[in-house]
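In: Build me a model:
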Amino acid sequence: MKGELREMERAHRPGPDNGWRETWGFTFAQELDRVEARGLSGPTWLGGFVECTLAPRQRHVWFTSGVVIDGSSYVLCRDHELALPVDANLFEVRGGGLWMHAICETPGEHWTVAMEAFALAFDDPAEAWGDERGDRVGLAFDLEWEGEPRDITTIDGGYEMPCEVIGVLQLGDDEWEIDATGARFHQWGDAPSGEWRSDGGGPAGDRVTLADAPYLSENDDGSPRRVRRTLDRVGSDGALQWTWAGL
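Out: Numbering: from 1, shown residues only. Okay, here's the model as predicted:
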């Protein structure tokens with residue numbers, strides 16, 4: 001079983017198609033009390049995601065990370081022209097004002113993701129689909145995703161699993177202790193179709209959207225592709241969950 005988990009977590013041999021990609025994704029979301037939320041009234045929340053896609057036939061990496069906080073701007077860091085890591089199983093990418101390192105500590109159970117970057121804060125999230133004009137802000141975190149192998153769900157060309165997420169997030173001059181629920185996924189194969197995908201399941205109609213987190217991706221021909229990610233409150237217990245849909 002340990003050997004199977006180790007192989008599952010590792011980078012896979014690229015397929016022959018030019019659009020073949022391999023993606024590692026991580027999400028987290030948590031409620032904030034009023035002190036943590038800087039005096040905001042009512043239910044408050046914080047959520048974030050990291051997504052890193054290797055396009056080995058195109059010789060580059062696509063990186064996207066977003067953070068949304070109740071009452072604050074949408075913060076996005078996106079770079080689709082990063083160089084491939086020297087070793088995809090020692091996952092480290094660097095760019096102008098960006099560094100990210102993801103480590104599989106225990107296959108099938110435990111990942112650590114650290115990041116330091118300059119991001120953009122948008123008052124209107126739709127700017128992430130436009131010219132991406134926003135205020136520059138520092139974004140950094142050191143977070144751990146922990147789950148149980150028994151909770152892994154196999155999906156087409158990959159898998160996903162729910163996790164507990166702990167660590168520290170820094171945004172500008174503010175810092176939060178993260179003790180959140182989340183998920184991670186690893187998927188490989190031909191370029192995704194853009195159909196609805198959910199990090200955790202549940203009926204799509206049983207959701208209240210709290211925040212939009214749009215960003216631009218690319219189609220196989222290099223043309224822009226809009227992606228819409230949302231932070232939702234789901235089900236009777238009001239759990240927080242990230243979902244996304246390609247547009």
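In: For the longest strand anywhere in the chain, what is the distance to the chain centroid?
Out: Criterion DSSP state E: the longest strand present in the chain is strand 174-189. Centre-to-centre, strand 174-189 and its host chain are 7 Å apart (CA atoms, centre = their mean, to the nearest Å).
In: how much space between residue 155 and residue 25?
Out: 12 Å (CB to CB, to the nearest Å). Using the backbone N, CA and C atoms, a C-beta is placed for each residue, glycine as well.
In: Please enumerate the helices of this structure.
Out: 2-9 (DSSP state H).
In: quick one: low-confidence parts of it?
Out: 1-3, 33-43, 88-89, 191-205, 245-247 (pLDDT under 70).
In: Buried residues in stretch 87-102, which are they?
Out: Judged by neighbour count using 16 or more other CB atoms under 10 Å, the buried positions of stretch 87-102 are 88, 91, 93, 95, 98, 100, 101, 102.
In: circling back: tell me which of residue 155 and residue 25 has more neighbours.
Out: Taking neighbours as other CB atoms under 10 Å, residue 155 and residue 25 compare with residue 25 leading, 21 against 12.
In: Touching, residue 212 and residue 73? I think so.
Out: No - in this structure residue 212 lies outside contact range of residue 73 using CB atoms under 8 Å: 12.0 Å.
In: These two: which has the busier surroundings?
Out: Comparing residue 212 with residue 73 by neighbour count (other CB under 10 Å), the higher total belongs to residue 73, at 19 against 16.
In: For that one, give me its contacts.
Out: 121, 122, 123, 134, 135 (CB atoms under 8 Å, 6 or more residues apart in numbering).
In: Just the ones in strands from these, please.
Out: Counting by DSSP E, the contacts of residue 73 contribute 121, 122, 135 to strands.
In: Compute the number of surrounding residues for the closest residue to residue 244 other than its chain neighbours.
Out: Using CB to CB, 6 or more residues apart in numbering and skipping residues adjacent in sequence, the residue nearest residue 244 is residue 229, 4.1 Å away. Close neighbours of residue 229, defined as other CB under 10 Å, add up to 22.
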